[in-house]
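Enquirer: Quick one, fold the following:
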Amino acid sequence: MAKGYLCLVLHAHLPFVRHPEFDDFLEELWFYEAITETYIPLIKVFEGLLKDGVDFRLTMSVTPTLAAMLGDTILQNRYIRHINRLIELANKEIQRNESSFELSNLSRMYLEHFCDCRDTFEKYNRNLVTAFKNFQDAGKLEIITCAATHGYFPLMEANAASKRAQLKVAVQSYESCFGKKPTGIWLPECGYNPGDDELLKEVGIKYFFSDSHGILHGTPRPKYGVFAPVYCKSGVASFARDLETAKQVWSSKDGYPGDYYYREFYRDIGFDLDFDYIKPYIHPDGIRINTGIKYYRITGSDHKEPYMPELAKQKAAEHAGNFMFNRQRQVEYLFGVMNKKPIIVSPYDAELFGHWWYEGPQWIDFLIRKITFDQSVIKMITPFEYLKENPVNQVVTPSMSSWGWKGYSEMWLQGANDWIYRHLDQASERMNKLVKAYPHASGVRKRALNQALRELLLAQSSDWSFIMGTGTHVNYAVSRIKEHIINFNCLYRDIVSNHVDENRLNCLEQRNNIFPNINYTFHS
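Expert: Numbering: from 1, shown residues only. Alright, predicted model coming up:
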């Protein structure tokens with residue numbers, strides 16, 4: 001009998017980036033990279049585990065914005081164009097590197113990977129949501145939802161109707177993708193304010209995740225710290241992140257991803273090679289971008305040594321064994337102190353695995369297999385399984401908290417981005433007025449009201465304030481906030497003046513087409 005549980009959680013999320021008005025849009029690359037470097041590698045790991053009869057358990061969010069992009073025909077077709085271009089580049093690289101044994105082998109590795117990505121993408125009819133649904137239906141993967149556009153709840157306190165809309169749209173989106181209601185949710189940025197759980201209860205959510213201090217600073221203090229869930233007064237459960245496992249995997253300095261034998265993320269041929277040679281494979285405007293072809297390992301110095309896949313794979317196996325060993329010792333100690341089975345919750349951004357940490361999916365594969373076959377102290381479990389097995393838990397009111405820099409909203413509320421909230425709050429108030437004024441709209445007015453809610457939700461995405469806070473792609477983030485607020489205000493004026501510009505409405509519906517079944521009355 002196992003003495004405790006490991007709950008591995010992957011938060012798969014991207015902001016809604018879709019620009020049909022352009023043939024080639026730079027920020028859409030985020031989506032294509034995530035498919036090639038994270039989502040398909042994870043799918044291949046899960047397929048291999050199923051094929052080998054490994055009874056694994058994993059929890060994974062697929063946010064509504066990500067699910068919408070994965071199901072979008074324009075983006076699907078553009079991904080095929082993108083991966084075909086990489087296949088062409090990899091073939092050229094094999095020829096260019098034919099005099100180097102190491103580099104030519106790496107070129108072939110990338111060619112094989114890109115071809116496998118294209119085949120896998122086509123296998124699931126270009127919609128990877130199907131793949132993840134299959135793993136959930138097989139009982140191995142517990143897929144949870146997130147707020148509709150990753151709106152950051154602690155800074156939406158001025159208007160609870162916006163939180164309700166974020167949640168109702170999220171549940172509707174989840175049902176359309178997975179055929180049932182979600183049991184759990186990843187609160188965007190782990191952002192929680194006391195009382196948010198009441199809104200989760202309204203839409204049928206059973207549990208959410210908090211960063212460690214959200215539970216440790218709760219009232220009353222939790223008896224078992226972060227190693228058992230707590231119930232809010234609403235009856236919704238909260239699971240807290242374990243800091244020790246976070247550091248081991250997150251940190252590029254102290255954690256596994258910084259090992260010198262792992263692939264170096266920051267050396268890509270899109271920046272290294274001659275411009276004329278690489279030009280057909282970067283942005284048409286001549287902007288150098290990451291291609292995903294990287295030939296060097298971290299090394300530990302400015303002089304980078306060639307990447308050696310087999311040695312990196314060995315390191316991933318060693319680190320998986322080390323992680324498992326540490327969890328065994330951790331669980332044995334906690335079991336002795338708690339006199340009950342602890343649960344260690346280890347949540348990470350999914351894009352860490354494969355995109356930032358190239359060997360991450362291999363590490364997950366090794367970890368799951370080692371836990372299954374090499375020990376009996378710990379068992380993998382999903383949150384809902386744990387709650388069914390352990391229905392009695394302490395009642396605690398978690399404190400306001402987030403994850404990220406300093407842990408209390410600082411990343412999303414600072415000098416670089418604080419200007420956005422007065423506009424978001426005003427738009428939320430205006431949306432309230434529209435719902436009250438037109439509770440039973442039809443025809444063009446209803447379409448305009450639905451689009452107004454889409455624009456508001458898109459403006460509320462925490463990704464834009466985060467990007468402003470980090471100082472990367474700031475111009476794009478600012479333009480997105482302004483675009484959606486301007487679109488919303490134009491629709492608001494049209495609706496209240498009883499004169500909707502149908503041409504503009506048609507353009508907005510085609511460009512920002514997320515959530516086709518949205519209902520504006522969700523904002524109530």
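Enquirer: Residue 330 touches residue 344, doesn't it?
Expert: Yes - counting by C-beta atoms under 8 Å, residue 330 touches residue 344, with 6.5 Å between them. For the C-beta atoms, the positions are set from N, CA and C on the backbone; glycine is no exception.
Enquirer: tell me, what's touching the two both at once?
Expert: Counting by C-beta atoms under 8 Å, 6 or more residues apart in numbering, the shared contacts of residue 330 and residue 344 are residue 4.
Enquirer: how close does the residue lying closest to residue 265 once chain neighbours are set aside get to residue 249?
Expert: Leaving out its chain neighbours, the residue that sits closest to residue 265 by C-beta to C-beta, 6 or more residues apart in numbering is residue 356, at 6.0 Å. Counting by C-beta to C-beta, to the nearest Å, the separation of residue 356 from residue 249 is 11 Å.
Enquirer: Could you name every residue contacting both of the two?
Expert: With C-beta under 8 Å, 6+ apart as the test, residue 356 and residue 249 both reach residue 257.
Enquirer: higher neighbour count, the two?
Expert: Each of residue 356 and residue 249 had its neighbours counted (other C-beta atoms under 10 Å), and the higher figure belongs to residue 249 (19 against 15).
Enquirer: and that one, what element?
Expert: helix 243-250 (DSSP states H and E).
Enquirer: what does residue 464 give?
Expert: Going by DSSP H and E, residue 464 is part of helix 462-470.
Enquirer: mind listing what's buried in that helix?
Expert: 462, 463, 464, 465, 466, 467, 468, 469 (16 or more other C-beta atoms under 10 Å).
Enquirer: Would you mind getting the angle between the longest strand along the chain and helix 243-250?
Expert: In the chain, with assignment by DSSP state E, the single longest strand is strand 4-12. If you take axes from the mean of the first three to the mean of the last three C-alpha atoms, to 10 degrees, strand 4-12 sits at 50 degrees to helix 243-250.
Enquirer: quick one: strand 4-12 to chain centroid distance?
Expert: 14 Å (C-alpha atoms, centre = their mean, to the nearest Å).
Enquirer: and that strand, what does it pack onto?
Expert: For strand 4-12, the packing partners by 3 or more C-beta pairs under 8 Å, 6 or more residues apart in numbering; DSSP states H and E come out as strand 58-62, helix 309-338, strand 343-349, helix 360-373, strand 378-380, helix 383-389.
Enquirer: wait, which of those is closest to residue 49?
Expert: helix 360-373 (6.2 Å; C-beta to C-beta).
Enquirer: Check the offset of that closest one from the chain's centre.
Expert: For helix 360-373, the distance to the chain centre is 21 Å (C-alpha atoms, centre = their mean).
Enquirer: Mind listing residues that contact that helix?
Expert: 6, 8, 38, 41-42, 44-45, 48-49, 54-56, 58, 256-257, 313, 316-317, 319-321, 323-324, 352-354, 357, 378-380.
Enquirer: same thing but at 6 Å, please
Expert: 41-42, 45, 54, 56, 313, 316-317, 319-321, 324, 352-354, 380 (C-beta atoms under 6 Å, 6 or more residues apart in numbering).
Enquirer: just the angle between that helix and helix 309-338, please?
Expert: 50 degrees.
Enquirer: what about helix 360-373, average pLDDT?
Expert: Average pLDDT, helix 360-373: 98.
Enquirer: One more: stretch 131-142?
Expert: Mean pLDDT, stretch 131-142: 98.
Enquirer: Please work out which residues outside it touch it.
Expert: 43, 46, 56, 58, 59, 60, 62, 124, 143, 178, 382.
Enquirer: Quick one: distance of it to the chain centre.
Expert: Offset of stretch 131-142 from its chain centre (C-alpha atoms, centre = their mean): 17 Å.
Enquirer: What residues of it count as buried?
Expert: 131, 132, 133, 134, 135, 136, 140, 141, 142.
Enquirer: Surely the second one forms part of a helix?
Expert: Yes - secondary structure of residue 132 (DSSP: H, G, I helix; E, B strand; the rest coil): part of a helix.
Enquirer: Now do the buried residues in the helix or strand of the chain with the lowest mean pLDDT.
Expert: Least confident helix or strand, the chain: helix 243-250 with a mean of 91, by mean pLDDT, DSSP states H and E. By neighbour count on 16+ other C-beta under 10 Å, the buried set for helix 243-250 is 245, 246, 248, 249, 250.
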